[in-house]
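> I need the structure of the sequence given here:
(chains A, B, C and D)
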Protein chains: 4
Amino acid sequence: MARMKAAIFVEPGRIVLDEKPIPEVGPLDALVRVTTTTICGTDVHILKGEYPVERGLTIGHEPVGVIERLGSAVRGFSEGQRVIAGAITPSGHSNACLCGYASQDGAGTRHGWRAMGGWRFGNTIDGCQAEYVLVPDAMTNLALIPDRLSDTQVLMCPDIMSTGFGGAEKGDIHIGDTVAVFAQGPIGLCATAGARLMGATTIIGVDRLPERLAMARRMGADHVVDFSAADPVEAILEITDGRGVDVAIEALGTQSTFESALRVLRPGGRLSSLGVYSTDLTLPLGPFAAGLGDHTITTALCPGGKERMRRLMSVIESGRIDLGGLVTHHFKLDDIEAAYDLFSHQRDQVLKVAITP
Amino acid sequence: MARMKAAIFVEPGRIVLDEKPIPEVGPLDALVRVTTTTICGTDVHILKGEYPVERGLTIGHEPVGVIERLGSAVRGFSEGQRVIAGAITPSGHSNACLCGYASQDGAGTRHGWRAMGGWRFGNTIDGCQAEYVLVPDAMTNLALIPDRLSDTQVLMCPDIMSTGFGGAEKGDIHIGDTVAVFAQGPIGLCATAGARLMGATTIIGVDRLPERLAMARRMGADHVVDFSAADPVEAILEITDGRGVDVAIEALGTQSTFESALRVLRPGGRLSSLGVYSTDLTLPLGPFAAGLGDHTITTALCPGGKERMRRLMSVIESGRIDLGGLVTHHFKLDDIEAAYDLFSHQRDQVLKVAITP
Amino acid sequence: MARMKAAIFVEPGRIVLDEKPIPEVGPLDALVRVTTTTICGTDVHILKGEYPVERGLTIGHEPVGVIERLGSAVRGFSEGQRVIAGAITPSGHSNACLCGYASQDGAGTRHGWRAMGGWRFGNTIDGCQAEYVLVPDAMTNLALIPDRLSDTQVLMCPDIMSTGFGGAEKGDIHIGDTVAVFAQGPIGLCATAGARLMGATTIIGVDRLPERLAMARRMGADHVVDFSAADPVEAILEITDGRGVDVAIEALGTQSTFESALRVLRPGGRLSSLGVYSTDLTLPLGPFAAGLGDHTITTALCPGGKERMRRLMSVIESGRIDLGGLVTHHFKLDDIEAAYDLFSHQRDQVLKVAITP
Amino acid sequence: MARMKAAIFVEPGRIVLDEKPIPEVGPLDALVRVTTTTICGTDVHILKGEYPVERGLTIGHEPVGVIERLGSAVRGFSEGQRVIAGAITPSGHSNACLCGYASQDGAGTRHGWRAMGGWRFGNTIDGCQAEYVLVPDAMTNLALIPDRLSDTQVLMCPDIMSTGFGGAEKGDIHIGDTVAVFAQGPIGLCATAGARLMGATTIIGVDRLPERLAMARRMGADHVVDFSAADPVEAILEITDGRGVDVAIEALGTQSTFESALRVLRPGGRLSSLGVYSTDLTLPLGPFAAGLGDHTITTALCPGGKERMRRLMSVIESGRIDLGGLVTHHFKLDDIEAAYDLFSHQRDQVLKVAITP
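This is a model prediction of the structure:
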């Protein structure tokens, strides 16, 4: 049986490059030869043992590649086509999928719902930091890459861009809205870009690192706030003349950013939360208006599926936004352990790395 | 200057019946002779000093009455017409109103938004536990009572019914949804009725008092859960075969009910919060799916305005729901102090009292 | 190869009971032994040659039955389970499906959209007026029947109820709305029931046949208008005091009903069209307010998929609505030609027939 | 009584500059000294007698000016402030307003709805092609102009921009949508800009005049189609690879553009109609998918009110879009008859004219 290289979770603190058999292709699967992939903040949580996965699992959920082999029941695709698949790979047929909540896909459960059930790559099945990855439910998940787009150009689509834009979309941004985005890491930057794309006319990006604030402006922020230099709540209330924002997007996953997002929200505003939290959260009574402020709080897991990927690639292709600048470093798959080292320590102003098998 | 009787907040612990001048009518106002009103849980918070209002203020925000005199600029109404006004009396012209958030009306502020700004009666202006009440922005707020409906039949429209139905509406209930309603006081009962009216097919009412659980069934609950006899989260998960509910409505204002509402929610579900909280709230990490569950949490303040009142009265008139059973006791305005005593101590299985000047 | 009986389209004017091989089961299919089915108005259009299908096709798209055999890739179901499938059997994986437009499923097309593409039974593949039917994309389409429900109780779910309720849902009915439903055949009656279930408080049913108007009242109409006795537009404007309706549902498919629906609509109202038209339609300038009335016109094809079926069966199970009265006649499959004769001529006050193989 | 100059409708074919008394200020009004205004296509319909108004009426509904005097009941504004008011001046208190349909404002009617009732300037009350204009319901309608913006920069806000953007908004455009806009006059150009602002990634502008197609590209069109050189339906289907568009916006008001918009729509797509029609419209059976295509057709009248104006000015202020290029000609009020002559004959590549009293 042919073998391939893959980045494997061994134990907390250790993800190593190792060999594994190239997977068998089931009737609904596609085997994709990975040409480019990347590392996500979530992978670092796995590395550190903060998010538990099975030992021996291949990590990674952002694949760009070429169809190597198609399952016997797969129609509508051909071997050799360039494709991406989303970080979230819904089945398409669970009750959750049929309700429009594909990320909470409960295929295989009695009732069809499972929290985060759509996230399979590098979580419940082998991921794509490898030479090959098996894409499940291929007809739902394979999305053809337009010829004009390079691997690097579409590398943010499977997760970062889908998640960040999803935050803007869940915020239900309208033309003329004022939006604050807390944290300008890769996801926050994409949320900023998404807010711009939806017609917000005052966008405020909050972070601490100068290079991220500079990138926030490139992604569409009208104002940036360095929270190490000024209280961001006060700064935003001043920018908005005391009114607060229509939509606040949380893109980090801490009590501090979540709470600040609530504090800058006007009555009737929407708090769109993207972060992955690691502790209970507190809703402070005053900013929550004792439950009488007509506020809305939403959370989201990255939307997946081939139609989502098609749309995101159309954004890139239209030239509306250039996310190329988010890829700050390139590594060979053989050097992925070094890539993890750089990325997990956030050295050298890294935003995202590209990994090429 | 003619005088009238009014229930006045004197100091924490004391609301007394006293005399006041009948108010002057400004150009946009209507003076309404009150024929029936009621006491709200919020009034009890005021009585106890838990919600601060100015000393000397007339309490009460649920007026049924007859137009006594109209302001010089008011068109479209005549003296002698039977009317109600909502507990919330929006101006109609603030930015918040023009965005559809009339309860957060900021008329008079620089930017047009104020948290809870639409609540004026018995909060920032004199209320309706009196012989007369001045309705501000009368053209926005006076709603004609259909001839066939009695005062008692429409007495729940200004607040309880509008709030409770609002909870079902914010929950965005669809045909076939499963809904849990935590607490079956007057507002929770109306939320139960609202869920039924919107097409939920499995409605679960949670409370402790047998008479309230019995009333929950009358209002449309398919199941009732006595939380003093069983853990309501477990009971609801059992009723729903482990799936959880599509929509959970919180109608009390405590950490316990709020948290239970979150714990029974399926991924992608909606938590519609109606309660008035008195402490910070905690979002527990697990039920909140670490921020990845595609949950939505909404809060609401009672919707007001004449069109809202018209619609609610049409529900009563259509016979879809009979809220008459919620009025368990009747008092004269002269005896309002006794009514407060009964209502604030929840004696004698009281749900709502009717007060007639 | 085992054979079965099936109602087959031979040529315009002739649907006959004949024999066919029992179909082979592909990896994603389920073979269902039909226990009950029915005839739809659309089948009559096929019979008359007004809607073209291939000669030799088995007709029928409303199956109730038992799983006989499952495809090799189908998970989550067992042979012997009682199931229904919707008239519309979406793939679950096309772009249209992933956008929430499963009825316009374009699986197999380059871009993933096809008008009415989700309708396959008795249209592009063999239908269910037969002893057996092959359900495609079984994981997306098989819906388990709750034990307590009989075949007859769920017989309206696959098409009539889904379509009629869909008309109310597309109308975006809110609590307190006034709704007119034009035509009270089986679909119009279900639209009436759906409007009631969503909280409309003034529902006006329009038809000509006394038994249908009587049934309209049973399904929830507050008023009925016999259009042969009075101009329905005038009658509805009188009932609504000149205001018009919030939502008008068209359930027949003629210029006259479509136009009347527009004429009774208030500014800003919604016209939800369900009928299958056979000619171009005219939008008259005046009622269309020259394009300035903030009107919305929607059309719909029956929603399908197992989650939709689950929800509709939950409505039946909850006892909210009893559609049993719509089944006015029962036939054996052997007598289906007689059933077509009765149903296509609308004899004997027929609403729907049940066919049992 | 002081007098002022005003452009007055005398009879079909004649709008002349004449003198009138400066209006009296009622309690809810504001008298605004007009500093800039413009002529709308609708005014040309009035001029030609195609849209009937009372003889002697002052024409014009796009005012930019300075508050000269405030009514006695108006709060929150000061004399001397620079303001605009929308072409549509809703009361804020009618049932239509309270439902979010302010353009169909029925203040003064029994039930509170009137088709196009929000359009008062130059229709049912004196308009703003004059030295002064009386703004009704001033608290609802006066919108302060940010200091940095010139009259010309905000001149499109009251009507053209609000209407055009409204077409994109009614189309419910999402990130990644494909949108076609039929006709690239001032409103179509603003619809194009609005589609761009909402995140459409393939925008196709259709017109015949080269300067308008060039301007369409400046406003955000990715493709332009000259309908005099190619069949626009075929051209759009080719651009979209046979799929059709998600949203089609009609911005002219003819059968041809309306029908083309329908013909290029994918199943499940939205046709957002902005044009003012002068004849009955036909919905052709095939493109309408016989009523089974899950299509949505919306119409719209320009949204008004001060919050709308504030948002539109924030778009200008943010620099997202520059509509200055739409103002191709400048006239003094004294020369307004010449302006009408130029504009009504569409001479000299005119898009919009600025009129300064």
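> for residue A:61, what are its contacts?
Neighbour list for residue A:61: A:40, A:42-43, A:87, A:119, A:121-123, A:127-128, A:158-159 [criterion: Cβ atoms under 8 Å, 6 or more residues apart in numbering or on different chains]. The C-beta positions use only the backbone N, C-alpha and C, and glycine is treated the same way.
> again, but for residue A:181
With the criterion set at Cβ under 8 Å, 6+ apart, residue A:181 makes contact with A:167, A:188, A:191-192, A:195, A:203-206, A:216, A:221, A:248-249, A:251.
> Residue A:53 - how many residues pack around it?
Using other Cβ atoms under 10 Å in any protein chain shown, residue A:53 has 17 neighbouring residues.
> Helix, strand, or coil at it?
Following DSSP: H, G, I helix; E, B strand; the rest coil, residue A:53 is assigned to coil.
> So it versus residue A:159, what's the distance?
Separation of residue A:53 from residue A:159 (Cβ to Cβ, to the nearest Å): 16 Å.
> Residue A:285 too?
As judged by Cβ to Cβ, residue A:285 and residue A:159 stand 35 Å apart.
> what about those two, which has more around it?
residue A:159 (26 against 14).
> Can you name the residues that contact the more buried one?
Residues in contact with residue A:159 (Cβ under 8 Å, 6+ apart) are A:40, A:61-62, A:86-87, A:302.
> Which ones among those residues lie within helices?
Nothing among those maps onto helices, per DSSP state H.
> Drop anything exposed from the residues you listed.
The neighbour-count test (16 or more other Cβ atoms under 10 Å in any protein chain shown) marks A:40, A:61-62, A:86-87, A:302 as buried among the contacts of residue A:159.
> Using JSON lines, lay out those residues together with distance to residue B:257.
Shown next, in JSON lines, are those (distance: Cβ to Cβ, whole Å):
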{"residue": "A:40", "distance to residue B:257": "37"}
{"residue": "A:61", "distance to residue B:257": "37"}
{"residue": "A:62", "distance to residue B:257": "40"}
{"residue": "A:86", "distance to residue B:257": "37"}
{"residue": "A:87", "distance to residue B:257": "35"}
{"residue": "A:302", "distance to residue B:257": "31"}
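> about what we covered before: pull the most distant pair out of the contacts of residue A:159.
The largest separation in the contacts of residue A:159, counting by Cβ to Cβ, is between A:40 and A:86 at 12.5 Å.
> Number of residues surrounding residue A:56?
Counted with other Cβ under 10 Å, the neighbours of residue A:56 add up to 12.
> pretty sure it is touching residue A:9, no?
Yes: in this structure, residue A:56 is within contact of residue A:9 by Cβ atoms under 8 Å, at 7.2 Å.
> Regarding residue A:348, what is its secondary structure?
Following three-state DSSP, we place residue A:348 in the coil state.
> Could you verify my assumption that it touches residue A:339?
No: using Cβ under 8 Å as the test, residue A:348 is too far from residue A:339 to be in contact (11.5 Å).
> Settle it for me: which of these two has more neighbours?
residue A:339 (22 against 9).
> Spell out which helix or strand contains that one, please.
Assigning secondary structure by DSSP states H and E places residue A:339 in helix A:336-344.
> could you check whether stretch A:113-121 is close to chain B?
Yes: Stretch A:113-121 is in contact with chain B by Cβ under 8 Å from any Cβ of the partner chain, via A:113-117.
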